[in-house]
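Q: Sequence below, structure please.
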Amino acid sequence: MALRSSMPAGAETQKDTSACLRTSNALYKRGEELHKKHRWPIPRDFGLVAANLDDYCRDKQFKKADIAIEWLNACLKNYDKPATQGYCTRSKKYLCAIDPDSEVCRTAS
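A: Presented below is the predicted three-dimensional model:
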């Protein structure tokens, strides 16, 4: 049962608050659809990144929005992969891309 192969949501760089919020909504709805149709347990990090994306859109932080959209698309694309592969887990790479000054980025791996 694969996710339909359509163009990922938000493939273009976000430049507009309304378009960014529409992309966010579309990604969240895809997650809900997978949950309902395939009994996919929506990962906690998916909800956190989706909520952050809304904030980035509203605050016009489009670079961060693009990073979150890329992460959400990867998570949705790989929803059927084992959780241990980390597609739906916020990694140090993701967290540092969002906030390079965060403590997680200043500490050694």
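Q: just checking, residue 56 touches residue 68?
A: Yes: using CB atoms under 8 Å, residue 56 makes contact with residue 68 at a distance of 6.2 Å. Using the backbone N, CA and C atoms, a C-beta is placed for each residue, glycine as well.
Q: Point to the helix or strand of the chain where mean pLDDT is at its lowest.
A: None of the helices or strands of the chain scores lower by mean pLDDT, DSSP states H and E than helix 103-106, at a mean of 82.
Q: Run through the neighbouring helices and strands of that helix.
A: Other elements packing on helix 103-106 under the criterion 3 or more CB pairs under 8 Å, 6 or more residues apart in numbering; DSSP states H and E are helix 92-98.
Q: how near is residue 33 to residue 26?
A: 10 Å (CB to CB, to the nearest Å).
Q: And for residue 15?
A: In terms of CB to CB, residue 15 sits 17 Å off from residue 26.
Q: Find the nearest non-adjacent residue to the residue nearest the centre of the chain, please.
A: Against the mean C-alpha coordinate of the chain, by CA atoms, centre = their mean, the closest residue is residue 72 at 2.3 Å. Closest residue to residue 72 in three dimensions, ignoring its sequence neighbours and counting by CB to CB, 6 or more residues apart in numbering: residue 27, at 4.6 Å.
Q: Equivalent analysis for residue 85, please.
A: residue 78 (7.1 Å).
Q: Please list all residues in contact with the one you found.
A: Residues in contact with residue 78 (CB atoms under 8 Å, 6 or more residues apart in numbering) are 85, 87, 88.
Q: contacting residues for the second one?
A: Same thing as residue 87. Contacts for residue 87 (CB under 8 Å, 6+ apart) come out as 74, 75, 77, 78, 79, 81.
Q: Quick check: pLDDT value at it.
A: Listed pLDDT for residue 87 reads 87.
Q: can you count the residues close to residue 52?
A: The number of residues packed near residue 52 is 19, by other CB atoms under 10 Å.
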